[in-house]
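K.L.:
fold the following, please.
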Amino acid sequence: MNRTQRVITENFNTYKVEEIDKYIQNGGFQGLKNALEKGKDFIIDELNTSGLRGRGGAAYPTGKKWNGGRKNHADVKYVLCNADEGEPATFKDRELLARDPYKVLEGLAISGYTFGAKEGFIYIREEYEFLHSKIRKAIKLAEENGYLGKNILGTGFDFTIKVFSGAGAYVCGEGSALIESMEGKAGRPRMKPPRIGVVGYMGKPTQSNNVETLAIVATVLKMGASNYAKYGTEKSIGTKMISLCGNVKKPGTYEIPFGMSLREIIYDIGGGIVGDKDIKFLQLGGVSGPLMPKQYIDTRYTYEDLEGKGFGIGSGAILVADETKSVIKFLESVSYFFFHESCGKCTPCREGKRQMKKLLNKMSQGTATTKDLKNIEKISRIMTDASFCGLGQTAATAMLTAIKYFSPELCSSIDEMKAL
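P.N.:
Residues are numbered from 1 along each chain as shown. Below is the predicted model:
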């Protein structure tokens, strides 16, 4: 089995943003050409055959999402590329935007054509400000070469793209909060229904997709869904970009076929653990993901295998912690992040994170009680069940899995147990 692949990342290190001719020579915009020539039904069929699931974390089937979206009729529609990559330990979208921006633009144009939109936006987080000028240059050159703007490739399809800068709020990765911020409001999630596919930006139907998802759309429509489906497994088709980080010797962004084991990813691709230490735990899918103890590292990296054990792929982050790391200190940093990023709209998240931060601080200092440990589990479950949006619903995931797998270490922080 090949350790890494060059399917989504085929154009990495082959051109600079001003060299659009090289992108075209590499087969760039062929996916868009095929889409415009063969039509929307062809696009949906190819996406369904490819088995593509959204790469932002929700993993919803893209073909199903797009087919439903194009049936929402309105005089004006919009499409969005969600590049608000605010999940700590996740950085694969940044690499796609930096190293193959035209593929992302191409995927967004295909999205616009399928959805029936004439205008699209790339919402880039403020921390990626260094990419803004690069993306704007790519848009300008794509327009000058007939791949964006009026009457694209002589087909009568008009489509423009604008860059929108976020303000660095993690919650704006959620689609409705992102749109609220675009409209000049506080970035807080909306009540659902209606979903943004029906009532989105400026009250119009809006389709939002992750950066990697759009890049794969352009790839699939270029190479053919049947060829893409040769990678991966029967249920987890294709390849996945991962952000490998933490205590590994070779952290970075890699493209892998679904089906590799986590052990292979860590040791064959990541080079093993720094200092040749042992693994203590992994966190999968970013800071909102679960903690996985080392006994599961032979699990295959697929949706079905991970979900079968209570874990998930999420955004594609794989954070590795070695045997010297404190679970409590790690949870403390996770809790502080969510406390800082909570938008404050709902009580379970706003107050739950405040109390979790306080209780984890006591645990870190060794002054917690058994009642504190019971309370932090109770608060975690209330947040998961009652929070308004995904931020609050997943903010306690690391805590709950730590209680499940690392309870001896958590109990060691309990003050009255030290005397036993």
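K.L.:
show the residue spans covered by the strands in the stretch 301-420 of the chain.
P.N.:
Ranges of strands in the stretch 301-420 of the chain, per DSSP state E, counting those that start in this stretch, are 317-322.
K.L.:
what ranges does it have for its helices?
P.N.:
303-308, 327-341, 347-365, 370-386, 390-394, 397-405, 407-411 (DSSP state H, counting those that start in this stretch).
K.L.:
helices or strands up against the third one?
P.N.:
Yep, that's helix 347-365 we're talking about. Applying 3 or more C-beta pairs under 8 Å, 6 or more residues apart in numbering; DSSP states H and E, one finds that helix 347-365 makes contact with helix 327-341, helix 370-386, helix 390-394. Placement of C-beta: from N, CA and C, glycine included.
K.L.:
kindly recompute the last result at 10 Å.
P.N.:
Using 3 or more C-beta pairs under 10 Å, 6 or more residues apart in numbering; DSSP states H and E, the elements in contact with helix 347-365 are helix 327-341, helix 370-386, helix 390-394, helix 397-405, helix 407-411.
K.L.:
out of the helices of the stretch 301-420 of the chain, nearest to G39?
P.N.:
Among the helices of the stretch 301-420 of the chain, helix 303-308 comes nearest to G39, with 29.6 Å by C-beta to C-beta.
K.L.:
now the helices and strands packed on helix 347-365 in TSV, with mean pLDDT?
P.N.:
Putting the helices and strands packed on helix 347-365 into TSV (pLDDT from 0 to 100) gives the following:
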stretch	mean pLDDT
helix 327-341	96
helix 370-386	96
helix 390-394	94
helix 397-405	97
helix 407-411	92
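K.L.:
adding mean neighbour count and distance to E264, write those helices out as JSON lines.
P.N.:
Below are the helices and strands packed on helix 347-365 laid out as JSON lines (neighbours: other C-beta atoms under 10 Å; distance: least, C-beta to C-beta, whole Å):
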{"stretch": "helix 327-341", "mean neighbour count": "19", "distance to E264": "24"}
{"stretch": "helix 370-386", "mean neighbour count": "17", "distance to E264": "32"}
{"stretch": "helix 390-394", "mean neighbour count": "21", "distance to E264": "27"}
{"stretch": "helix 397-405", "mean neighbour count": "21", "distance to E264": "22"}
{"stretch": "helix 407-411", "mean neighbour count": "14", "distance to E264": "28"}
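K.L.:
reformat those helices as TSV; add distance to C172.
P.N.:
Formatted as TSV, the helices and strands packed on helix 347-365 follow (distance: least, C-beta to C-beta, whole Å):
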stretch	distance to C172
helix 327-341	10
helix 370-386	20
helix 390-394	10
helix 397-405	20
helix 407-411	32
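K.L.:
could you pull out the strands for the chain?
P.N.:
Per DSSP state E, the chain carries strands over the ranges 78-83, 119-124, 149-152, 157-165, 206-210, 239-246, 252-257, 279-284, 291-293, 317-322.
K.L.:
how about those strands in JSON lines, adding mean pLDDT, distance to Q365 and mean neighbour count?
P.N.:
Shown next, in JSON lines, are those (pLDDT from 0 to 100; distance: least, C-beta to C-beta, whole Å; neighbours: other C-beta atoms under 10 Å):
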{"stretch": "strand 78-83", "mean pLDDT": "98", "distance to Q365": "39", "mean neighbour count": "26"}
{"stretch": "strand 119-124", "mean pLDDT": "98", "distance to Q365": "39", "mean neighbour count": "23"}
{"stretch": "strand 149-152", "mean pLDDT": "98", "distance to Q365": "60", "mean neighbour count": "15"}
{"stretch": "strand 157-165", "mean pLDDT": "97", "distance to Q365": "40", "mean neighbour count": "17"}
{"stretch": "strand 206-210", "mean pLDDT": "97", "distance to Q365": "39", "mean neighbour count": "27"}
{"stretch": "strand 239-246", "mean pLDDT": "98", "distance to Q365": "25", "mean neighbour count": "23"}
{"stretch": "strand 252-257", "mean pLDDT": "98", "distance to Q365": "36", "mean neighbour count": "21"}
{"stretch": "strand 279-284", "mean pLDDT": "98", "distance to Q365": "21", "mean neighbour count": "24"}
{"stretch": "strand 291-293", "mean pLDDT": "98", "distance to Q365": "21", "mean neighbour count": "21"}
{"stretch": "strand 317-322", "mean pLDDT": "98", "distance to Q365": "21", "mean neighbour count": "24"}
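K.L.:
of all those, which one is nearest L105?
P.N.:
Taking those one by one with C-beta to C-beta, strand 157-165 is closest: 6.3 Å.
K.L.:
re earlier: out of the strands of the chain, flag the one nearest K40.
P.N.:
Between those, strand 157-165 lies closest to K40; by C-beta to C-beta that is 11.2 Å.
K.L.:
shaky segments in this protein?
P.N.:
1-2, 415-420 (pLDDT under 70).
K.L.:
please redo it, this time with the cut-off set to 80
P.N.:
1-2, 413-420 (pLDDT under 80).
K.L.:
show me the domain layout of it.
P.N.:
20-228, 239-322, 327-419 (automatic domain parsing).
K.L.:
mind putting these in CSV, distance to Q5 included?
P.N.:
Listed next are the domains of the chain as CSV, based on distance: least, C-beta to C-beta, whole Å:
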stretch, distance to Q5
domain 20-228, 11
domain 239-322, 5
domain 327-419, 29
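K.L.:
among those domains, which comes closest to T4?
P.N.:
domain 239-322 (5.2 Å).
K.L.:
now do that closest one: distance to the chain's middle.
P.N.:
15 Å (C-alpha atoms, centre = their mean, to the nearest Å).
K.L.:
same thing with stretch 332-347?
P.N.:
Counting by C-alpha atoms, centre = their mean, stretch 332-347 comes out at 19 Å from the chain centroid.
K.L.:
so that it lines up with my notes, have the first residue be 460 from now on.
P.N.:
Fine by me, first position is 460 from now on; the one you just mentioned is stretch 791-806.
K.L.:
ok, now which ones touch D500?
P.N.:
526, 529, 573 (C-beta atoms under 10 Å, 6 or more residues apart in numbering).
K.L.:
cutoff 6 Å now
P.N.:
If a contact means C-beta atoms under 6 Å, 6 or more residues apart in numbering, then D500 has no contacts.
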